[in-house]
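Enquirer: need coordinates for the following:
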Amino acid sequence: MAPPHITKKTSATTSETVRRNGHHHDEHRKRVIEEERISSSNKSDGDSEMQDVYNQNDQGDALNSQQVEVNMGGRFKKMFDDQRKRYGKEKAVIVDEYERSRKDAEEGIKTLLGEWEKKSSSADTAQLNILCRLLEKKVEYEKRIASKLTTLEAGYAAHCRDLQRVAEHRANALN
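Expert: Just a heads-up that it's a prediction; the model follows:
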């Protein structure tokens, strides 16, 4: 008897799964802002405007959070543009590799076909040479046959005359 069927209980709740999969946009935004704040504080270029925006954002000012979103939008745009450029370069590399492999395959096929044609043409030439020799032999045999046939005809005609004389001689002897 088979053991009873037990349903498997998931180990994570829906909110834990969502957090693991990174679907909490607010936490992600806070983490990005925090990383930007750390990276901008490490910069020595004195970008005080961004630092002010981040400091005011910590205080919860709604207007400044819109400025951060605009600035972040610019950064996302740059990030997306960079990603698009990388994608374009990767695509160009793949297209180049494809074209190179296609040309190599085409050249290989042409080379193989050329070699096959050379071999087949040399085989055809050899076969034609053999055929020509065989035709010459055939003509020679036909000449021999024709000469032997004329010899046989002459011999047959002579035997026919001999037999006719013998038959006439015996017929005269019986009379």
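Enquirer: need the longest helix for this protein.
Expert: helix 62-174 (DSSP state H).
Enquirer: who are the packing partners of that helix?
Expert: Helices and strands touching helix 62-174, as assessed by 3 or more C-beta pairs under 8 Å, 6 or more residues apart in numbering; DSSP states H and E, comprise helix 25-42, helix 48-58. In short, each C-beta sits where N, CA and C put it, glycine included.
Enquirer: need the contact list for residue 102.
Expert: The neighbourhood of residue 102, defined by C-beta atoms under 8 Å, 6 or more residues apart in numbering, contains no residues.
Enquirer: what about this protein, any weak spots by pLDDT?
Expert: 1-73 (pLDDT under 70).
Enquirer: repeat that for 50
Expert: Within the chain, the set of residues satisfying pLDDT under 50 comprises 1, 14, 44-46, 53, 57, 63.
Enquirer: residue 78: neighbour count?
Expert: Residue neighbour count, defined by other C-beta atoms under 10 Å, stands at 10 for residue 78.
Enquirer: can you tell me how far it is from residue 99?
Expert: Taken as C-beta to C-beta, to the nearest Å, the spacing of residue 78 relative to residue 99 amounts to 31 Å.
Enquirer: now residue 155
Expert: As defined by C-beta to C-beta, residue 155 lies at a distance of 82 Å from residue 99.
Enquirer: same check, this time on residue 81
Expert: When residue 81 is compared with residue 99 (using C-beta to C-beta), they lie 26 Å apart.
Enquirer: what's the answer for residue 122, then?
Expert: Counting by C-beta to C-beta, the gap from residue 122 to residue 99 is 35 Å.
Enquirer: how near is residue 110 to residue 99?
Expert: Taken as C-beta to C-beta, the span from residue 110 to residue 99 is 16 Å.
Enquirer: go on, residue 123?
Expert: Here the criterion is C-beta to C-beta. By it, residue 123 lies 36 Å from residue 99.
Enquirer: ditto for residue 128
Expert: Note on residue 128: its distance to residue 99, by C-beta to C-beta, is 42 Å.
Enquirer: for residue 140, same thing?
Expert: When C-beta to C-beta is applied, the distance between residue 140 and residue 99 equals 61 Å.
Enquirer: cool, and residue 132?
Expert: If you measure residue 132 against residue 99 using C-beta to C-beta, the figure is 48 Å.
Enquirer: same question, residue 107
Expert: In this structure, residue 107 and residue 99 are 12 Å apart, going by C-beta to C-beta.
Enquirer: same question, residue 152
Expert: Separation of residue 152 from residue 99 (C-beta to C-beta): 76 Å.
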